[in-house]
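Chemist: Make a model of this:
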Amino acid sequence: MKKRKQMMKKRGAGSTFLEPLLKDENDVVRRKVAAFFAMKFTAEELEALLGRYTSQLPYYFDVVCWLDRILYAPAQLRQFFTRRLNDDLLI
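Modeler: Residues are numbered from 1 along each chain as shown. Here you go, the predicted model:
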């Protein structure tokens, strides 16, 4: 818990504010928030986020899928998925 607080403090209030929005009913909101985290967080931080997210029911499969793609896809696919998520931030 202390490590999470340190990471969130390092990332700022925006991260603390946005994390609950990964459970928003609106899929567009969830994708934009996932894109934010994919852009700002390290792989270690994304793994911790994914673990927290899936430990609390209910959760949305699309969020799990996007975070998983960014974390574990082969490099070329990871770049494609990252670009696709980043494009969502612009729309």
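
Chemist: Residues contacting the longest helix anywhere in the chain, please?
Modeler: Longest helix of the chain, by residue count under DSSP state H: helix 75-90. For helix 75-90, the external contacting residues (C-beta atoms under 8 Å, 6 or more residues apart in numbering) are 28, 31, 32, 34, 35, 36, 38, 39, 66, 69, 70, 73. The way it works is simple: take the backbone N, C-alpha and C, and place the C-beta from them, glycine included.

Chemist: and residue 28, what does it touch?
Modeler: With contact set as C-beta under 8 Å, 6+ apart, residue 28 has these partners: residue 88.

Chemist: can we see that at 7 Å?
Modeler: Counting by C-beta atoms under 7 Å, 6 or more residues apart in numbering, residue 28 makes contact with nothing.

Chemist: secondary structure element for it?
Modeler: helix 27-40 (DSSP states H and E).

Chemist: next one: residue 51
Modeler: Per DSSP H and E: helix 43-54 holds residue 51.

Chemist: Extract the C-alpha trace of the helix or strand just after that helix and format it as PDB.
Modeler: Downstream of helix 43-54, the next assigned helix or strand under DSSP H and E is helix 61-72. Only the C-alpha atoms of helix 61-72 are listed here, as PDB (Å, rounded to 0.1, in the frame of the first residue of the first chain):
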ATOM      1  CA  PHE A  61     -12.900  -6.500 -20.300                       C
ATOM      2  CA  ASP A  62     -11.900  -3.800 -22.700                       C
ATOM      3  CA  VAL A  63      -9.700  -2.100 -20.000                       C
ATOM      4  CA  VAL A  64      -8.000  -5.400 -19.200                       C
ATOM      5  CA  CYS A  65      -7.500  -6.100 -22.900                       C
ATOM      6  CA  TRP A  66      -5.900  -2.700 -23.600                       C
ATOM      7  CA  LEU A  67      -3.600  -2.900 -20.600                       C
ATOM      8  CA  ASP A  68      -2.600  -6.400 -21.400                       C
ATOM      9  CA  ARG A  69      -1.900  -5.500 -25.000                       C
ATOM     10  CA  ILE A  70       0.400  -2.700 -24.000                       C
ATOM     11  CA  LEU A  71       2.200  -4.800 -21.400                       C
ATOM     12  CA  TYR A  72       2.600  -8.200 -23.100                       C
END
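
Chemist: Understood, closing this out.
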